[in-house]
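**Student:** Quick one: sequence and predicted model below, then my questions.
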Amino acid sequence: MTAYVLKGVSVLGASPVDLVVRDGVISSDKSGVSEVVDADGLVALPGLVDLHTHLREPGREDAETVETGSRAAALGGYTAVFAMANTSPVADTAGVVEQVWRLGREAGLVDVQPIGAVTVGLAGKQMAELGAMASSAAGVRIFSDDGHCVADPRLMRRALEYVKAFDGIIAQHAEEPRLTEGAQMHEGEVSTRLGLTGWPAVAEEAIIARDVLLAEHVGSRLHVCHVSTAGSVEVLRQAKARGVRVTAEVTPHHLLLTDELAASYDPVFKVNPPLRTASDVAALREALIEGVIDIVATDHAPHAVQDKECEWAYARPGMVGLETALSVVLSVLGERWDLIAERMSRAPARIAGLAGHGTDLAPGSPANLTLVDPSAHRVVDPGELASRSRNTPYAGTTLPGRIVATFLRGEPTVLDGKAVK
């Protein structure tokens with residue numbers, strides 16, 4: 001295995017040092033180094049971890065594959081991603097989650113960890129084989145029907161109770177479906193002006209309130225996906241104050257974009273949950289800094305051209321985000337490197353129990369890391385994305401920061417801003 005010295009790198013913004021990567025770990029031994037990476041002006045972060053990625057394989061390889069999504073993740077500074085279950089067939093059995101896990105290992109660009117479905121076929125009627133997925137080679141610990149809410153409270157309670165046996169997590173897509181039927185965007189002033197059916201904030205908040213009560217009653221672990229409203233933040237703040245075992249995520253796009261963008265009727269801005277108001281964005285940012293929201297997760301949702309370049313009402317919701325996530329967070333939080341490392345690496349790895357990721361870059365630690373040039377800026381060009389899909393809301397936008405290198409267990413997956421394989 002090649003030994004590298006990252007010369008003059010700043011670890012989390014500290015004074016420059018020479019960081020040695022040898023035999024898959026961070027080392028203090030500079031002898032026999034064969035490759036020198038000029039890291040002057042670069043910041044080293046622990047490799048990013050995404051708890052919410054859609055890789056589409058099996059079934060929708062026209063939109064993304066495990067390999068193309070893994071490459072996009074590595075270029076975004078990620079060393080591990082968790083692949084959501086809404087594939088075709090749905091990842092609701094040991095066989096399907098093991099297929100996704102093996103495809104990730106074959107790609108070898110990031111660690112791909114499958115998320116299993118909570119219910120069979122994401123239909124919300126019958127609990128899936130959670131135990132079989134947990135005991136499979138993939139070792140699934142997070143389960144979600146993302147894209148669909150587990151709306152039945154009795155079924156949600158049963159799932160929370162079941163995963164306690166192996167310290168698993170139910171990750172809920174918080175959306176009361178009876179309140180969002182036919183909804184096209186956030187319910188508010190803009191939806192009224194545009195004449196589009198609104199998606200009320202309370203549809204999200206009501207499910208979160210219900211589920212934190214269920215998790216508290218059962219004593220189980222709940223994770224709330226893509227929090228998007230100020231009201232949801234308050235529900236989570238109160239639950240955490242009571243000691244409920246709940247964690248939550250926010251997406252980069254909900255930290256930056258607002259429902260005003262729907263006025264363009266450009267389907268690239270159609271997402272689930274919808275973009276909210278400026279006051280919601282402000283509340284989400286504050287909650288992320290405070291720790292009421294634990295992590296940033298991309299909800300990377302690639303779609304084929306025909307599913308996005310159509311009328312707003314028929315377009316599928318979702319945005320790609322793996323390659324731009326760190327830049328968006330950097331634009332929101334500024335160069336608060338330790339906070340960024342906590343929200344995008346340490347905390348997600350800790351929530352998922354993912355060994356070897358989210359660790360401090362100290363001698364003996366696994367060499368999963370990324371190098372960022374904070375002085376660089378990039379204009380987002382959809383044609384240059386590694387993802388198979390192009391539905392980015394940032395096309396033509398100038399964003400700060402550039403991923404220069406990513407290392408997975410001491411081997412580079414990205415060097416000089418380009419994928420190694």
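**Tutor:** Looks like it arrived, so ask away.
**Student:** Would you confirm that Gly321 contacts Ala297?
**Tutor:** No: the pair Gly321 / Ala297 is not scored as a contact, 9.2 Å apart, by Cβ atoms under 8 Å. Just so you know, the C-beta spots here come from the backbone N, C-alpha and C atoms, and that holds for glycine as well.
**Student:** any residues in contact with both of the two?
**Tutor:** Listed as contacting both Gly321 and Ala297 by Cβ atoms under 8 Å, 6 or more residues apart in numbering are Thr251.
**Student:** how about the strands of the stretch 201-350 of the chain, start to end?
**Tutor:** Taking DSSP state E, counting those that start in this stretch, the strands of the stretch 201-350 of the chain run over residues 221-224, 246-250, 295-296.
**Student:** Pairing partners for the shortest one, with directions?
**Tutor:** The one in question is strand 295-296. Strand pairing for strand 295-296, using DSSP bridges, gives strand 246-250 (parallel).
**Student:** any residues touching the partner strand, and which ones?
**Tutor:** With contact meaning Cβ under 8 Å, 6+ apart, strand 246-250 is reached by 51-52, 169, 211-212, 215, 221-228, 232, 236, 239-240, 284, 287-288, 292-297, 347, 351.
**Student:** from the residues you listed, which would you call buried?
**Tutor:** With burial judged by 16 or more other Cβ atoms under 10 Å, the buried subset of those is 51-52, 169, 211-212, 215, 221-228, 232, 236, 239-240, 284, 287-288, 292-297, 347, 351.
**Student:** Next step: those residues restricted to helices.
**Tutor:** 211-212, 215, 232, 236, 239-240, 284, 287-288, 347, 351 (DSSP state H).
**Student:** nearest to Glu57, of those?
**Tutor:** Glu57 lies nearest to Ile351 out of those, by Cβ to Cβ, at 24.4 Å.
**Student:** Not counting sequence-adjacent ones, nearest residue to that closest one?
**Tutor:** Once flanking residues are discounted, Ile351 sits nearest to Thr247: 5.3 Å by Cβ to Cβ, 6 or more residues apart in numbering.
**Student:** So what's the residue count around the one you found?
**Tutor:** 22 (other Cβ atoms under 10 Å).
**Student:** Can you show me the helices along the stretch 301-421 of the chain?
**Tutor:** Applying DSSP state H, counting those that start in this stretch to the stretch 301-421 of the chain gives helices spanning 305-308, 325-333, 337-341, 347-352.
**Student:** Make CSV out of those and add mean pLDDT and distance to Ser15.
**Tutor:** CSV is the format used below for the helices of the stretch 301-421 of the chain (pLDDT from 0 to 100; distance: least, Cβ to Cβ, whole Å):
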stretch, mean pLDDT, distance to Ser15
helix 305-308, 96, 46
helix 325-333, 98, 20
helix 337-341, 98, 13
helix 347-352, 98, 25
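**Student:** Among the ones you listed, which comes closest to Gln99?
**Tutor:** Of all those, helix 347-352 comes closest under Cβ to Cβ, at 19.9 Å.
**Student:** related to what we said a few turns ago, if I look at the residue nearest to Ile351, how far off is Gln99?
**Tutor:** Here the distance between Thr247 and Gln99 works out to 28 Å (Cβ to Cβ, to the nearest Å).
**Student:** Check Met344 too.
**Tutor:** Note on Met344: its distance to Gln99, by Cβ to Cβ, is 28 Å.
**Student:** Distance from the chain centre to stretch 399-408, please.
**Tutor:** Centre-to-centre, stretch 399-408 and its host chain are 17 Å apart (Cα atoms, centre = their mean, to the nearest Å).
**Student:** for stretch 121-131, what is the average pLDDT?
**Tutor:** Taken as a whole, stretch 121-131 has an average pLDDT of 98.
**Student:** Include distance to Arg388 when you put the ones in helices among the buried ones among the contacts of strand 246-250 into a markdown table, please.
**Tutor:** Shown next, in a markdown table, are these (distance: Cβ to Cβ, whole Å):
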| residue | distance to Arg388 |
| --- | --- |
| Asp211 | 34 |
| Val212 | 37 |
| Ala215 | 36 |
| Ser232 | 32 |
| Leu236 | 34 |
| Ala239 | 38 |
| Lys240 | 38 |
| Leu284 | 29 |
| Ala287 | 33 |
| Leu288 | 29 |
| Ala347 | 29 |
| Ile351 | 28 |
